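Undergrad: here is my input; please provide its structure:
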Amino acid sequence: MEVESIDNKVAFGVVIDERDGMSRSVHGVPLEPGFFHVGLDGSIQDNALVHVPVVGEIETVQQAIGSHLAWPKDMIIYTSSTGSVKKKNAQNVSEVPRMHNVFNFVKPKDNVPHRFRLLYKFASTVMKGSGNSIPVPFDFQIFGIERTIYLLHENVLELLEFKMIGQPAISTYMAYLYSVFRDTP
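TA: Model prediction:
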């Protein structure tokens, strides 16, 4: 099977040029020869395993969305901003450029904090298009019952746009505060 086959494409993102001032390490681990520092923007195959996992945190492509990874250089297919492929003999790559262009088309509102713009794009495209949500598990000690609340793309966008937020965002923040207090010595 050729590397350029659509069957092998698992994600899309941006190669971080080390000249941009980014570290030569990812998650505290130095990049091995033959690997690039990559920011993962979206998933094509959610359950595909990543090449250099962060054990217990980032082991699949879906878990890596919005994070940075070490990715093998020979498993990267470059496209221009117009979606044209820059690697020789690449075929059937229309899905990756299409998804990347949709993702890059989203322009966060001016009041969205800079460090949350990737999350804004993710919620506006991947979450909205797929109907996926972010599960937030709650311990029994928080509300007296064990449960999971699901953040929808609307909840994320409301929060990032500084609009009136609803119960899922407030409950998620309460769970976060609880975990901070619980884990503080």
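
Undergrad: pull out the buried residues from stretch 134-149.
TA: For stretch 134-149, burial by neighbour count (16 or more other Cβ atoms under 10 Å) applies to Ile134, Val136, Phe138, Ile142, Ile149. Quick note: C-beta positions are derived from backbone N, CA and C, even for glycine.

Undergrad: next: stretch 175-185.
TA: So, applying 16+ other Cβ under 10 Å, buried residues of stretch 175-185: Ala175.

Undergrad: before we move on, the earlier item: from the buried residues of stretch 134-149, which is closest to Leu177?
TA: Ile142 (9.4 Å; Cβ to Cβ).

Undergrad: quick one: mean pLDDT for the helix or strand that closest one falls within?
TA: Using DSSP states H and E, Ile142 falls within helix 140-143. Taken as a whole, helix 140-143 has a mean pLDDT of 86.

Undergrad: for the helix or strand where Ala175 lies, the distance to its chain's centre please.
TA: Following DSSP H and E, one finds Ala175 within helix 167-183. Here helix 167-183 is found 22 Å from its chain centre; the criterion is Cα atoms, centre = their mean, to the nearest Å.

Undergrad: quick revisit: dump the helix holding Ile142 to PDB, restricted to CA.
TA: Output in PDB follows, covering the C-alpha atoms of helix 140-143 (Å, rounded to 0.1, in the frame of the first residue of the first chain):
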ATOM      1  CA  PHE A 140     -19.700  11.100  43.400                       C
ATOM      2  CA  GLN A 141     -18.300  13.800  45.800                       C
ATOM      3  CA  ILE A 142     -19.100  16.700  43.500                       C
ATOM      4  CA  PHE A 143     -22.900  16.500  43.200                       C
END
